[in-house]
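Enquirer: this one's sequence-less:
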């Protein structure tokens, strides 16, 4: 049993973190092998979501929001729309059939944006089908800070809840209560399948 | 191959729904078996979450809210607190280590109630550690209606988003935007591991 | 609450089965809606694996084995190889990084075929890197029957265990003990990520 | 954004491994907080399965097999039976409704042991309902080595495949091809829900 303990220690030492990708690796056994057993390596596929992947996906969302804002200012609305579309396709899971998306500033009867068109309209506006949307991502955002109250990883999904502080070009900070659920796709990328954002409740 | 097709049809016809329990069943093969193969039944454990289980769990939450209100009115605060504790223990997943809970009316720095004590304080109040809590479940609720905008079932979790309409004893309706994530526990019961509730955004 | 009960019954009645595809559907609410709440439909994404999907995926494996055999006999080895490659790419999960595959007849040190090349060699032979492989799928198979002893569905995977009876063109039946684990991919297709097949133990 | 990057690095540095238990931890934010946002810690629940947990669960199985053998020799059959029952209850998932268990030496029509009674009979024998069972765990085992060919972690389950080398008191080594699937239960323990063991194929 002594050999096995050694090899467990060696395996632990070799564990590496991967961000936004499947962890696939080979492990070498230390002892000699014979033709009676399997070759001396273990092929490992790890599709579980790690905490570092969750934090990286949150950061990517914030970076993308700032990027859409600055693209709008430097390259115009069309470029911002193209970028927003790419961000939605890369970071959200609309290809699964729907995303449960309640943006911060939407109003009934279009509160929930379960379709890609509804998400795009919210971020960049200009869609006559969503007349209330002014384009949230166009509001001069410069910085996004995420303060997680909790993270719950279960199965192939991870859910986060906390405050997000968004600072605009004038230094004004908007605080929202935000929940995200991420699903790891077949390529190892985390995709948002739930996004509920709301302004903090205030006693009137 | 014809036999197999028939048996698939038969299996479909036999599919049953189960609420709050694992689906475990035996299936009989139509053809004779010999001692060379397995006995003629299939033992089935199905731990996936079904849509009907999700709807039942949502309804149970609404029923519990009304029950706490009426218990408070008919039996007093202590009885309401006991019931609220039972509801939290049965319907939420605090035993997993945390629940991501953003109730409708909480304010910073106690917006997020990741602990059982924080949830109980929100529902029935009276906890000096949570001085802003007046007891949401004590407000005379009589009816809860759930209007799902979307349901996303993935692996052993299911997430819902939509409006919940809560009617009090005077007929006044409060509408909230609500997200729940349920996890199926080892006993086959759905437990809330995420609950984000917020008042609809309104343009001031 | 009466309305809700009715709508749950209606939902149950509307549940449909889908084979090899995500279940995405719209549900209409019976009651009128106002501009204060969400539109009157629920967008549903169900990525759980159903028992009928599992049975269909097993049957597809058997059909593919027979198809490779008959393609070999009618169109030759090259056509059989092309088909086997397509079957592996469609039905197995090698794109996830590895498949845990222990075919019935492999021997050490090449017992386990965690790579696509190893699987292809097993089914159609002719790969000098796998000199023991004669091509299991070329052996004149005509019929595949699956007798599941058990099915265990958990999260986004399903595992089956039981006997598989494979009949060749001379009517000879080969019985194997077989385990499969399926993973539902992003497109809603079940993919084999585990396949352990062995001849029944016999007392010598 | 600089602050956030720093805090991600800090989090990575703080990641710890936990064997057989949920990873629940608090993380402190470096910067000051105000009453406008959440308290400065993140509550984390991580129910994903780690590779180290898988290796520990495999090792525990081997240790248990040896323990049953030595208990039989030193304390007799009754004590071995009691221990075997405890091992099954702690390490297998029969409480979920079934385990897909194909032991190495079983024969039809009792090849598959989907019930707890069938597993116990295989390990310690003496059950008239399973007349072929001589008690596999009573055969003087002294050492268990595990050579994984592959590990596939997905969601809340992990599957392993490889050789297991079991050495008895006379130094004789039995090699089996073995597949295990583990499910993480509500208490954070890995449980075997699939176990397919077979003797290597040999050309006669």
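Expert: Looks like it came in fine. Quantities reported herein were computed from a predicted structural model and do not represent experimental measurements. Numbers count the residues shown, from 1 in each chain, chains lettered A, B, ... in the order given.

Enquirer: contacts and neighbour counts: CA atoms only from here.
Expert: Fine.

Enquirer: what about the longest helix anywhere in chain A and chain B, any contact?
Expert: Counting by DSSP state H, the longest helix found in chain A is helix A:51-75. No: residues of helix A:51-75 contacting chain B under CA under 8 Å from any CA of the partner chain: none, with a closest distance of 15.2 Å.

Enquirer: got the angle for the following helix or strand past that helix vs helix A:51-75?
Expert: Following helix A:51-75 in sequence order, the next helix or strand is helix A:77-91 (DSSP states H and E). On the basis of axes from the mean of the first three to the mean of the last three CA atoms, to 10 degrees, helix A:77-91 is oriented at 170 degrees to helix A:51-75.

Enquirer: any idea how far helix A:77-91 is from the chain center?
Expert: Offset of helix A:77-91 from its chain centre (CA atoms, centre = their mean, to the nearest Å): 15 Å.

Enquirer: My guess is residue A:97 contacts residue C:45. True?
Expert: Yes: judged on CA atoms under 8 Å, residue A:97 makes contact with residue C:45 at a distance of 6.0 Å.

Enquirer: who's more crowded, those two?
Expert: residue C:45 (23 against 19; other CA atoms under 10 Å in any protein chain shown).

Enquirer: Stretch A:79-99 near chain C at all?
Expert: Yes: Stretch A:79-99 is in contact with chain C by CA under 8 Å from any CA, via A:96-98.

Enquirer: any idea which of these is the one closest to residue B:190?
Expert: Nearest to residue B:190 among the residues of stretch A:79-99 next to chain C is residue A:98, at 22.1 Å by CA to CA.

Enquirer: Chain neighbours aside, what residue packs nearest to that closest one?
Expert: Once flanking residues are discounted, residue A:98 sits nearest to residue A:114: 5.2 Å by CA to CA, 6 or more residues apart in numbering or on different chains.

Enquirer: list the contacts for the one you found?
Expert: Contact analysis of residue A:114 by CA atoms under 8 Å, 6 or more residues apart in numbering or on different chains lists A:94, A:98-101, B:149-150, C:43.

Enquirer: Can you mark which positions in stretch A:169-183 are buried?
Expert: By 16 or more other CA atoms under 10 Å in any protein chain shown, the buried positions in stretch A:169-183 come out as A:175-183.

Enquirer: quick check, nearest of those to chain B?
Expert: Nearest to chain B among these: residue A:179, at 7.2 Å, using CA to the nearest CA.

Enquirer: State whether the closest one is indeed within a helix.
Expert: No: under the criterion used here (DSSP: H, G, I helix; E, B strand; the rest coil), residue A:179 is strand, not part of a helix.

Enquirer: So the residue nearest the centre of chain A versus residue B:103, what's the distance?
Expert: Against the mean C-alpha coordinate of chain A, by CA atoms, centre = their mean, the closest residue is residue A:57 at 3.4 Å. For residue A:57, the distance to residue B:103 (CA to CA, to the nearest Å) stands at 25 Å.

Enquirer: Kindly report the same for residue A:123.
Expert: In terms of CA to CA, residue A:123 sits 26 Å off from residue B:103.

Enquirer: Spell out the residue ranges of the helices in chain A.
Expert: A:2-14, A:51-75, A:77-91, A:116-124.

Enquirer: winner for burial among those helices?
Expert: helix A:116-124 (a mean of 22; mean count of other CA atoms under 10 Å in any protein chain shown).

Enquirer: name the helices or strands packed onto that helix?
Expert: With contacts defined as 3 or more CA pairs under 8 Å, 6 or more residues apart in numbering or on different chains; DSSP states H and E, the packing partners of helix A:116-124 are helix A:77-91.

Enquirer: for the closest residue in space to residue A:49 that isn't next to it in sequence, what are its contacts?
Expert: Among residues not flanking residue A:49 along the chain, residue A:156 sits closest, at 6.2 Å (CA to CA, 6+ apart). Going by CA under 8 Å, 6+ apart, residue A:156 touches A:47-49, A:183-184, B:155, D:48, D:154-156.

Enquirer: And for residue A:123?
Expert: Residue A:123 makes contacts with A:84, A:135-138, as judged by CA under 8 Å, 6+ apart.

Enquirer: can you do 10 Å?
Expert: A:65, A:68-69, A:80-81, A:84-85, A:88, A:103, A:133-139 (CA atoms under 10 Å, 6 or more residues apart in numbering or on different chains).

Enquirer: From these, pick the one nearest residue C:107.
Expert: Distances from residue C:107 to the contacts of residue A:123, taken by CA to CA, are shortest for residue A:88, at 48.6 Å.

Enquirer: any idea how far residue A:112 lies from chain D?
Expert: For residue A:112, the distance to chain D equals 25 Å [CA to the nearest CA, to the nearest Å].

Enquirer: let me redo that: residue A:145
Expert: Residue A:145 is 7 Å from chain D, where distance means CA to the nearest CA.

Enquirer: Just the pLDDT at that residue, thanks.
Expert: Residue A:145 is assigned a pLDDT of 98 by the prediction.

Enquirer: So what sits opposite the nearest residue to it once chain neighbours are set aside in the bridge?
Expert: Distances taken as CA to CA, 6+ apart put residue A:165 closest to residue A:145, at 5.0 Å, once the chain neighbours are dropped. Judged by DSSP bridges, the bridge partners of residue A:165 are residue A:145, residue A:175.
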